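In: My questions are about this predicted structure, shown below with the sequence.
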Amino acid sequence: MDNMKLAELLFPHIKITAEQYRNEVFPHRQLPEGAMVTRFAPSPTGFLHIGGVFTSLVNERCAHQSGGVFLLRIEDTDKKREHEGGISAIMSGLEGFGITFDEGELPGGEKGSYGPYTQSRRGLIYQAFCKELVEKGLAYPCFCTEEELDEIRKRQERDKALPGYHGEYAKCRNLSYEQIEENIKAGKSYVMRLRSPGKPGGRIKYKDVIKGQIEMDENIVDIVLLKSDGIPTYHFAHAVDDSLMGTTHVIRGDEWVPSVNIHLQLFHVLGMKPPKYAHVPPIMKEEDGSKRKLSKRKDPEAAVSYFSEEGYPKEGVIEYLLTLANSGYEDWRRANRELPYTDYKFRLDKMGQSGALFDLKKLHSVSSEVISRFTAQRVCDDAIAWAEKYDKELYSCLARDREYTAKIFAIDRGGKKPRKDIAKWSDIRGYCAYFFDELMHEGREELEMDAQLQKQVLGEYLKVYDPCDDKDTWFAKMKEICPRLGFAPEVKEFKAAEPGTYKGHVGDVSAVVRAAITGRKNTPDLHAIMNLLGSEKCINRMNKYIENL
RNA sequence: GGCCCGUUGGUCAAGCGGUUAAGACGGCGGCCUCUCACGCCGCAAACAUGGGUUCGAUUCCCGUACGGGUCACCA
């Protein structure tokens, strides 16, 4: 068989050769020692899974902390599954998390000189490489129909043979030039298959950066390289693209581990150096006592839209993901409270190798920690931005007087012991309802204290209340009215005394004032709240409270 | 079913032949305190299982169980 002749029959339109692509069109990258080139390669299904954020974060960190390149490649080789606007949905999702690319078809236009970065626009490139394989006798056209393939599958099931197109089952493997030419002239559709050099019983080994040594059977299947429409399969596109684009580390979901034998073989026949592989575990979900992959159909938290709707700040989600990726991150964060997460030295080889359960409680905790480090202004801005999208009523309150709103969040913030009771922006509504008259009724709590006694307390308090008091004076006055009410000015005193000696203590006095002004049993610093609210509003609320008792 | 991977407290996890088996989240108790929160102190809670190898196994090897993944002209 004359391979050159066959190649020309199959790919008469290919003028730029694989050799030229390798050496002239896409020259090797000149990068500093140790720089990693990584990539995120989604297919445009329009759905960004939290697992996708996880792997792209890992890719991004590896590239950027090593001074390398992080690129985006769109794997749109399956037209059936493509969703309109899928790419932009994924892009904007990632952008929302602050994950940025150096190369690819980005919002501002295509960046990088290894493009196109969308597989559907690289058809000629794949075909050139396929042509080269035909020339070397490593690829051939296969005219089998779906029915014939089904037939083969059934036979293999019966024979308990390895499934797939290989060995004696590979009918088209040894077609003559004449047969091929005849089929093509007859207009039969065909796919291009690899003539796998693998031997049955052969074993291969490779070292996964995350999973360590992995050993498996050598690939013997004549996998499809080019589908009947001339578009490559994932496997072939991966090998061609990642070698041409100079990817040094392929970091992807571990569902790919079983096809590494195919990929390594592809790099081998293509005469290209394979990248290092790092397979990251999926994020799991607990259900009925067992683990399963987070599913976009069943689990709302699988979609990144969930996090923006709930109002988790992007750093909260990112840091949570980082704690899943590298357990050392938490210790580092405790020791470096002020540094951005990008200062953390991420270790690929320190990643866990089995899937972690997604833990909302932990996310909550990490996110609260993150927000506690925000300035009041940042909390104010982010909360308003969130409310504008997801809670109009709250938005109208918060945006009315931004200075006032910023002061709300300044209470108990910024000091050594910042509050940590906001984990996400949707918590804001409950947190600050009593600062706004129209939200005041929300989350209202009743004091158990006798109504008459409460009236007395407020009556006494109103007499001494002076909005100009500083915090110490303010509190001294709380204590001052205690004796008149039959309350103990000190909690310790109250506890030490015989039961019945006092009706209560200072804490109970302030509890009544707190309830009158905020409608809550618990709030941050009352003095600060009263100052912010202003004396008029405070007095009004206390009077109204008395009326309603 | 074949092949691959995994299994340390409820969860995330250190550990890499000899440890009282870290730490974090969550839970519980306490201290601080005008309440809450923060902070601090403490408690409960784990090496899936059976064989080896070894003076000694959570750590190494084999089997079993369980869990996950994968076997397309999908990625």
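Out: Sure, I can see it.

In: The worst-scoring helix or strand of chain A on mean pLDDT vs RNA strand B: in contact?
Out: Lowest by mean pLDDT, DSSP states H and E among the helices and strands of chain A is strand A:290-293, with a mean of 78. Yes: for strand A:290-293 and RNA strand B, the contact criterion (Cβ under 7 Å from any atom of the strand) is met by A:290-293. Placement of C-beta: from N, CA and C, glycine included.

In: Beyond that strand, next helix or strand please.
Out: helix A:304-310 (DSSP states H and E).

In: what's the following helix or strand after that following helix?
Out: Per DSSP H and E, the helix or strand that comes after helix A:304-310 is helix A:314-325.

In: who touches that following helix?
Out: A:50, A:53-54, A:57-58, A:96-98, A:280, A:283, A:307, A:329-330, A:333, A:341, A:344, A:346, A:351-352, A:356, A:362-363, A:366-367, A:369-371, A:423-424 (Cβ atoms under 8 Å, 6 or more residues apart in numbering).

In: How much space separates A:Gln179 from RNA strand B?
Out: A:Gln179 sits 17 Å away from RNA strand B, going by Cβ to the nearest atom of the strand, to the nearest Å.

In: In terms of helices and strands, where is that residue?
Out: Secondary structure from DSSP H and E places A:Gln179 in helix A:177-185.

In: Give the next helix or strand downstream of that helix.
Out: Next along from helix A:177-185, by DSSP H and E: strand A:191-194.

In: Mind checking the pLDDT average for that following strand?
Out: Across strand A:191-194, the average pLDDT comes to 97.

In: Likewise for stretch A:431-442?
Out: Mean predicted confidence for stretch A:431-442 is 92.

In: buried sites along that stretch?
Out: A:431-436, A:439 (16 or more other Cβ atoms under 10 Å).

In: And the furthest pair within the residues you listed?
Out: Longest distance between any two of the buried residues of stretch A:431-442 is 11.6 Å, between A:Tyr431 and A:Phe436; criterion Cβ to Cβ.

In: thinking again about what came up before, what is the nearest of the buried residues of stretch A:431-442 to RNA strand B?
Out: A:Tyr431 (10.3 Å; Cβ to the nearest atom of the strand).

In: what secondary structure does that closest one sit in?
Out: Counting by DSSP: H, G, I helix; E, B strand; the rest coil, the backbone at A:Tyr431 sits in helix.

In: swap in A:Gly104?
Out: Classified using three-state DSSP, A:Gly104 is strand.

In: That one contacts A:Gly112, doesn't it?
Out: Yes: if you go by Cβ atoms under 8 Å, A:Gly104 and A:Gly112 touch, sitting 6.6 Å apart.

In: More neighbours: which of the two?
Out: Taking other Cβ atoms under 10 Å, A:Gly104 and A:Gly112 do not tie; A:Gly104 has more neighbours (23 against 17).

In: Kindly state the beta-bridge partners for that one.
Out: A:Lys111 (DSSP bridges).

In: which residues sit in contact with it?
Out: Contact analysis of A:Gly104 by Cβ under 8 Å, 6+ apart lists A:71-74, A:110-112, A:115, A:117.

In: I'd guessed A:Ser354 sits against A:Pro281; true?
Out: Yes: assessed by Cβ under 8 Å, A:Ser354 is found in contact with A:Pro281 at 5.4 Å.

In: Which one of the two is surrounded by more residues?
Out: Each of A:Ser354 and A:Pro281 has its neighbours counted (other Cβ under 10 Å); A:Pro281 has more, 21 against 10.

In: Report pLDDT for the more buried one.
Out: 93.

In: Now tell me what touches the least confident helix or strand of chain A from outside.
Out: Counting by Cβ under 8 Å, 6+ apart, residues outside strand A:290-293 touching it are A:51, A:282-285, A:355, A:357.

In: partners of it, with directions?
Out: Taking DSSP bridges as the criterion, strand A:290-293 sits next to strand A:283-287 (antiparallel) in its sheet.

In: Just the buried residues of the strand it pairs with, please?
Out: A:283-285.

In: from those residues, which is closest to A:Asp159?
Out: Using Cβ to Cβ, A:Met284 is the member of these that lies nearest A:Asp159, at 36.4 Å.

In: In contact with that closest one, which residues are there?
Out: Contacts of A:Met284 by Cβ under 8 Å, 6+ apart are A:291-294, A:355-358.

In: Ok, A:Ala476 next?
Out: Contact partners of A:Ala476, counting by Cβ under 8 Å, 6+ apart, are absent.

In: rerun at 10 Å
Out: A:464, A:469-470, A:489 (Cβ atoms under 10 Å, 6 or more residues apart in numbering).

In: Neighbour-wise, which one of the contacts of A:Met284 leads?
Out: Of all the contacts of A:Met284, the highest neighbour tally under other Cβ under 10 Å goes to A:Phe358, namely 21 neighbours.

In: My guess is that residue contacts A:Glu287. True?
Out: No: the pair A:Phe358 / A:Glu287 is not scored as a contact, 11.5 Å apart, by Cβ atoms under 10 Å.

In: one step back: could you dump the contacts of strand A:290-293 into TSV and include distance to RNA strand B?
Out: Listed next are those as TSV, based on distance: Cβ to the nearest atom of the strand, whole Å:
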residue	distance to RNA strand B
A:Gly51	11
A:Pro282	6
A:Ile283	9
A:Met284	7
A:Lys285	10
A:Gly355	6
A:Leu357	4
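
In: possible to save those as TSV with distance to A:Phe11?
Out: Shown next, in TSV, are the contacts of strand A:290-293 (distance: Cβ to Cβ, whole Å):
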residue	distance to A:Phe11
A:Gly51	38
A:Pro282	39
A:Ile283	42
A:Met284	45
A:Lys285	47
A:Gly355	43
A:Leu357	49
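
In: which of those residues lies closest to A:Ser88?
Out: For the contacts of strand A:290-293, the residue nearest A:Ser88 by Cβ to Cβ is A:Gly51; the value is 19.8 Å.

In: I'd assumed the closest one was in a helix, is it?
Out: Yes: judged by three-state DSSP, A:Gly51 forms part of a helix.

In: give the contact list for the residue nearest to it when sequence neighbours are not counted.
Out: Excluding the flanking residues, the one nearest A:Gly51 by Cβ to Cβ, 6 or more residues apart in numbering is A:Ile283, at 4.9 Å. By Cβ under 10 Å, 6+ apart, the residues touching A:Ile283 are A:49-55, A:253, A:293-294, A:299, A:301-302, A:321, A:324, A:355-358.
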